[in-house]
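Undergrad: sequence and computational prediction follow.
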Amino acid sequence: MKKILTLYALLSFLFMNAQFNPGIVYLKAGDSIKGLIKIRTFDGIKYKENKNSDEVIYYNSALSGFNISYDNELVAYRLKTVGNGFPRRMTFEITGKVNLYSKSVYNPGHSIPGGFAGGGMTVGGGSSTIYFLEIKNKLIRIGPKLKKKHYKLFSNCPAFIEKFNAKDIKKTEITEVIAFYNKKCE
């Protein structure tokens, strides 16, 4: 029974991931095209103008971003380069004076050798969300929470400093912090 449930779970993920969803593709050349989009696992997307048309693959190097509609919920993705690295697909969370992007990452944990019959054990692991701020076209990695050093980025806003000093701002509420800053400090 356990093997059947495992097989069913694996196959259901494959079928769920195989769907094309309506969306808009933004090319680096400045053009945008509407159609059906499927995110590829490693690089880029697959695009179809409609259900009956052929698939076209757009690699990350040709894209500036895309929006996909999942069950009437729009999710915006943009490709951003951090440092001298390659473009990363990030979720576009908030736009304004400060733009906020997020990226979900998976940490497999650490293996500890030993145990009965040479077996081991894995500890830790899980997924987390890493945030990035874009200020004046510069991308700054924040991580999973704001640190004290990041508050310097908002020092030009008296309302923010007041909330910070009153400890009304939580380090993990990054979206709320950026929304507040964009609304009160523009």
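TA: That came in fine, so what should we check first?

Undergrad: make it CA atoms for all contacts and neighbour counts henceforth
TA: Fine.

Undergrad: wait, isn't L36 in contact with S53?
TA: No: when contacts are counted by C-alpha atoms under 8 Å, L36 is not listed as touching S53 (9.8 Å).

Undergrad: bridged to T81, which residues?
TA: When assigned by DSSP bridges, T81 has beta-bridge partners P87.

Undergrad: for it, the count of nearby residues, please.
TA: T81 sits with 14 neighbouring residues when counted by other C-alpha atoms under 10 Å.

Undergrad: give me the distance between G126 and V105.
TA: 9 Å (C-alpha to C-alpha, to the nearest Å).

Undergrad: who's more crowded, L36 and S53?
TA: Neighbours were tallied for L36 and for S53 using other C-alpha under 10 Å; the higher tally belongs to L36 (22 against 10).

Undergrad: now do that one, the pLDDT please.
TA: Taken from the predicted model, the pLDDT recorded for L36 is 96.

Undergrad: any idea how far N67 is from the nearest residue to it once chain neighbours are set aside?
TA: Using C-alpha to C-alpha, 6 or more residues apart in numbering and skipping residues adjacent in sequence, the residue nearest L36 is P22, 4.4 Å away. Here the criterion is C-alpha to C-alpha. By it, P22 lies 8 Å from N67.

Undergrad: how about I37?
TA: I37 is 9 Å from N67, where distance means C-alpha to C-alpha.

Undergrad: which residues do the two both contact?
TA: Overlap between the contact sets of I37 and N67, as judged by C-alpha atoms under 8 Å, 6 or more residues apart in numbering, is given by 23-24.

Undergrad: those two: which is more packed in?
TA: With neighbours defined as other C-alpha under 10 Å, I37 and N67 compare such that I37 has more, 26 against 20.

Undergrad: how much space between that one and V56?
TA: With the distance defined as C-alpha to C-alpha, I37 ends up 10 Å from V56.
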